[in-house]
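Undergrad: With the input below, show me the fold.
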Amino acid sequence: MERTIVGIDVGTTKVCTLIGEVDKDGQVCVVGVGVAPSRGLTKGVVVNVEEATKSIASSIDKAERISGYRIEAAYLGLAGKHILSVNSKGTVAVGRGERYITEDDVARAIEAAQDLAVQHGREIIHVLPRCYILDGQEGVRDPVGMMGFRLEAAVHIVTGAVPSIRNLVQCVESSHVTVNELVLQPLASAEAVLTLEERETGVALVDAGGGTTDVAILAEGAICHSAVLPVGGNNLTNDIAVGLKTPFEVAEKLKLQYGHALPEMIDPAEMIDVAAFGEAEVATVPRRDLVAVLEARCEELCALVQEEIRRSGYDGLLPAGLVLTGGTAELPGFKELASEVLQMPVRVGRARNVGGLADAVSNPSYATAVGLLQWGLKYGGPEKRTPKREDGRFSELFRRFKEAFRALLPG
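TA: The predicted structure follows:
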């Protein structure tokens, strides 16, 4: 039976469940994809448990039907405006320098780095080692086996609000799925779209989703800074709805069909039809009016990303530039606008090193879900074998039916 990994990305606009098999070469092959409209979430946070549970259950069911597997456990992506991160250091004495550093010494240093005051109502999600400092020597990647007196661990700590985390986990577990691990969404996206060279050189990953935009700064192979911005694709749609006085659903269609981030690329004479509130007839407006609205919000989003890069201390220190992913990354002209505003190279990131139904998940909006599979492959322990449907709950129902039918037969 194949080893399987499951990732569930619960976003503001959609819920995506992916089921992957690990082949003999250690590559994940996507065999199940389930996408459902997201309900009951606002900016990555559950606001209606019943609606969110139904959306997640629908996504899981679709992935199970396509793959033929029954999902028992999954890696769950986490984001939302409640996420906070901080860099910390912890120092331990190794001894008199007469012995080699062991994994226990490293674990003690990391534990010491976690010894910070976590606010009430928050919990630690990730403790990610950045580098180690041994007797003042910085940049040590793996100190195990080295000799020294004093070991210092520099880590990146991610925390989240306990109620927001518990509500999301509850929605998933209501579908009888155990959460293997919570994974910060930009970390998952980084696994899917970044190259090793980009991680080493220095890069900013920006995952622009529907409700939030996740930012992660990576350098020297490790994460240095992460943040969740409460702005996303839905803000662009809402701006169109307000600016053109049209319903949100209509504004979303206009964004997808006519959207662009650069007004100068649009013919001034081009007109589009817009259905306004309370009017049977449609209004005709210049397409440039729509694009001007999108340009303003995209510029604001880029300015917020630039501020996060400055806060990280890596402004001007990211030779690999910025990798843009998420659904909003597909907006025409956004990549060019971001490069102009941020003054750095920008590329659109798509999932890499994935087989199976790769074409179905090639869109940047699937980066987090694919990354959850990659995260489970890279960092997870031995996965619980996911039985085929005929070995699972459907087989159990069939067995009970047969037993009930036999009981009706004459003895």
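
Undergrad: So, low pLDDT: which residues of the protein?
TA: 1-2, 97, 117, 279-280, 381-411 (pLDDT under 70).

Undergrad: can you confirm Ile157 is in a strand?
TA: Yes: assessed with DSSP: H, G, I helix; E, B strand; the rest coil, Ile157 lies in a strand.

Undergrad: Please enumerate the helices of this structure.
TA: Assigned by DSSP state H, the chain shows helices spanning 49-67, 103-113, 162-173, 185-193, 196-201, 233-244, 248-258, 287-312, 334-342, 367-379, 393-408.

Undergrad: Just name the most buried of those.
TA: Of these, the one with the most neighbours on average (mean count of other C-beta atoms under 10 Å) is helix 185-193, at a mean of 28. From N, CA and C alone the C-beta is placed, and that goes for glycine too.

Undergrad: For it, list the C-alpha coordinates in PDB.
TA: The C-alpha trace of helix 185-193 is given here as PDB (Å, rounded to 0.1, in the frame of the first residue of the first chain):
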ATOM      1  CA  GLN A 185       0.700  28.900   5.000                       C
ATOM      2  CA  PRO A 186       3.700  30.900   3.600                       C
ATOM      3  CA  LEU A 187       6.000  28.200   4.900                       C
ATOM      4  CA  ALA A 188       4.000  25.700   2.900                       C
ATOM      5  CA  SER A 189       4.000  27.800  -0.200                       C
ATOM      6  CA  ALA A 190       7.800  28.300   0.100                       C
ATOM      7  CA  GLU A 191       8.200  24.500   0.000                       C
ATOM      8  CA  ALA A 192       6.200  24.400  -3.300                       C
ATOM      9  CA  VAL A 193       7.600  27.300  -5.300                       C
END
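
Undergrad: Would you mind pulling up the elements that it packs against?
TA: strand 4-10, strand 73-78, strand 203-208, strand 213-219, strand 222-229, strand 322-325, helix 367-379 (3 or more C-beta pairs under 8 Å, 6 or more residues apart in numbering; DSSP states H and E).

Undergrad: Name the residues that touch that helix?
TA: Residues from elsewhere that reach helix 185-193 (C-beta atoms under 8 Å, 6 or more residues apart in numbering): 7, 9, 75, 77-79, 126, 128, 199, 205, 207, 209, 214-216, 218, 223, 226, 228, 323, 325-326, 349-352, 354, 364, 367-372, 374-375, 378.

Undergrad: ok, back up a step: reformat the helices and strands packed on helix 185-193 into TSV and put distance to Ala188 next to each item.
TA: TSV is the format used below for the helices and strands packed on helix 185-193 (distance: least, C-beta to C-beta, whole Å):
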stretch	distance to Ala188
strand 4-10	7
strand 73-78	6
strand 203-208	9
strand 213-219	9
strand 222-229	12
strand 322-325	11
helix 367-379	3
